[in-house]
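Trainee: sequence and predicted structure, then a few things I'm wondering about:
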Amino acid sequence: MLSDMLLVSAPGKVILHGEHAVVHGKVALAVALNLRTFLRLQPLSNGKVSLNLPNIGIKRHWDVTRLHSLDLSFLEKGDATVPTPEQVEKLTEVADVPADCAVTERLAVLAFLYLYLSVFRKQRALPSLDIVVWSELPTGAGLGSSAAYSVCLAAALLTACEQIPNPLKDGDGISRWAEEDLELINKWAFQGERIIHGNPSGVDNAVSTWGGVLRYQQGQSVSLKRPPSLKILLTNTKVPRSTKALVAGVRSRLLKFPEIVNPLLTSIDAIALECERVLGEMEAEPTPEQYLVLEELIDMNQHHLNALGVGHATLDRLCQVTRSHGLYSKLTGAGGGGCGITLLKPDVQRQVVEATKQALTGCGFDCWETSIGSPGVSMHLASLLDAPIRQALDIL
Ligand code: PMV
């Protein structure tokens, strides 16, 4: 067991192209977002394991001796197999969360306990730890916040119990794990995601683990070798949506009009593939023509998504506002509200970006200027983290 403080971060994600079509076997391009979740793990000697999630106001602790005295054999089957409903029920008893606890809080606590108990189960004693997780990502907006949480937990806990090495070497400010360690982090993070989401595809935890751009199709994901980092505006319309209902809506439209909807899905697939090809070419020296292609692809896909019935008046507004400033946008994720992305070409003027952000905020939206294609799960040196992050993680 390591005795040092660990600082881990993992990115959220957006879908660049392929949402909805991916449900029908087509390609999706998921990209890591430069809005991250940060975790501080501090070994303690007070006999407690504590979890503090300042974004959602959770502060809980458990007595390590009590956890140790419990019959944890129900986790025996939990080693990288699907957490069963019985395991989740038993975990709920162990967690001892109040009955009136909000769903987000309950699931965050269960995912933590599942990973903590499973990862340390083979060691002689459960360690006393203080864990704080803070995120730049809004929750429930389709930006992969739960996956980033699970990835941070998996990476920190596996490092703390020395199943994977601490990748930070003397003099490094930030460091990443080797491929086989990332595989293990991803495997455990997927378990955390399963506790939170039931039956997720696994793309969110994969992109949070590996970062960059991930091509995802029928359960298989492949990272693009050297993807460019693209600047974007990420806008949250704040209109709540149900991914399940929107996916069902597309399915019924497909059943009703197969001759019309199938070509749309095929075309979205072609857009994702063309985007992948262009991104692959952009690794050397991106050209203005390549950015124009990316803009056209964004524009075409947005119209297809509208034709699939997953648009929303606020998303139309978002596209119109950015278009009036010469910028192209599309919805990202399930649609029906939620978030949209706007590509910022490198030569776009600062005053254009500021005016667009102001106009979007004026519509009542939240807007972040950020980038996509960011690095995956990373280990940081405390002294090199930005002051607001250090403050949020309670690092003195
Ligand atoms: O729920 P979100 O916003 O992360 O996006 C879901 C993406 C869909 O393609 C619509 C559904 C899916 O499972 O892939």
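Mentor: Happy to help now that I have it.
Trainee: how many other residues sit next to the residue in the stretch 1-150 of the chain that the ligand sits nearest to?
Mentor: In the stretch 1-150 of the chain, no residue comes nearer to the ligand than Gly142, which is 2.4 Å away by C-beta to the nearest ligand atom. Placement of C-beta: from N, CA and C, glycine included. Look at Gly142: counted by other C-beta atoms under 10 Å, it has 23 neighbours.
Trainee: just the pLDDT for it.
Mentor: Per-residue confidence (pLDDT) for Gly142: 87.
Trainee: for this structure, just list every one of the helices.
Mentor: If you assign secondary structure with DSSP state H, the helices in the chain sit at 64-69, 85-95, 103-120, 145-160, 179-197, 203-210, 243-256, 258-281, 288-308, 313-323, 350-362, 387-392.
Trainee: follow-up on the earlier one: do you know how far the residue of the stretch 1-150 of the chain closest to the ligand is from Val88?
Mentor: Per C-beta to C-beta, to the nearest Å, Gly142 is found 23 Å from Val88.
Trainee: what's the answer for Ile131, then?
Mentor: Ile131 sits 21 Å away from Val88 when distances are taken as C-beta to C-beta.
Trainee: for the ligand, what's its nearest residue on the stretch 201-350 of the chain.
Mentor: Checked against the ligand (C-beta to the nearest ligand atom), the nearest residue in the stretch 201-350 of the chain is Gly333, 2.4 Å away.
Trainee: which residues does the closest residue to that residue other than its chain neighbours contact?
Mentor: Spatially, and ignoring its direct neighbours in sequence, Gly333 is nearest to Gly142 (3.3 Å; C-beta to C-beta, 6 or more residues apart in numbering). By C-beta atoms under 8 Å, 6 or more residues apart in numbering, the residues touching Gly142 are 243, 332-334, 338-339.
Trainee: Cys275 too?
Mentor: Applying C-beta under 8 Å, 6+ apart, one finds that Cys275 lies in contact with 16-17, 29, 294, 297.
Trainee: likewise Glu281?
Mentor: For Glu281, the contacting residues are Gln290, taking C-beta under 8 Å, 6+ apart as the criterion.
Trainee: for it, report the pLDDT, please.
Mentor: Listed pLDDT for Glu281 reads 92.
Trainee: please apply the same query to Ser201.
Mentor: On the pLDDT scale, Ser201 gets 82.
Trainee: then Thr139?
Mentor: At Thr139, the pLDDT recorded in the model is 86.
Trainee: residue contacts, it?
Mentor: By C-beta under 8 Å, 6+ apart, Thr139 lies in contact with 55-56, 104, 145-146.
Trainee: JSON lines for these, including neighbour count?
Mentor: Rendered in JSON lines, the data for those read as follows (neighbours: other C-beta atoms under 10 Å):
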{"residue": "Asn55", "neighbour count": "18"}
{"residue": "Ile56", "neighbour count": "12"}
{"residue": "Thr104", "neighbour count": "17"}
{"residue": "Ser145", "neighbour count": "24"}
{"residue": "Ser146", "neighbour count": "28"}
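Trainee: tell me which of those residues is nearest to Leu343?
Mentor: Distance to Leu343 across the contacts of Thr139 (C-beta to C-beta) is lowest for Ser145, with 22.7 Å.
Trainee: what about Leu385, how many neighbours?
Mentor: Using other C-beta under 10 Å, Leu385 is surrounded by 20 other residues.
Trainee: who does the closest residue to it other than its chain neighbours bridge with?
Mentor: Excluding its sequence neighbours, the residue lying closest to Leu385 (C-beta to C-beta, 6+ apart) is Leu7, at 6.6 Å. Leu7 has the following beta-bridge partners by DSSP bridges: Arg40.
Trainee: what's the neighbour count on Leu7?
Mentor: Using other C-beta under 10 Å, Leu7 has 26 neighbouring residues.
Trainee: which residues does the least confident helix or strand in the chain by mean pLDDT contact?
Mentor: Every helix and strand in the chain was compared by mean pLDDT, DSSP states H and E; the lowest is helix 85-95, with a mean of 85. Helix 85-95 has contacts (C-beta under 8 Å, 6+ apart) with 62, 67, 70, 72, 74-75, 77-78, 106, 109-110, 113-114, 117, 195.
Trainee: got the angle between it and helix 179-197?
Mentor: Between the axis of helix 85-95 and that of helix 179-197 there is an angle of 80 degrees, by axes from the mean of the first three to the mean of the last three C-alpha atoms, to 10 degrees.
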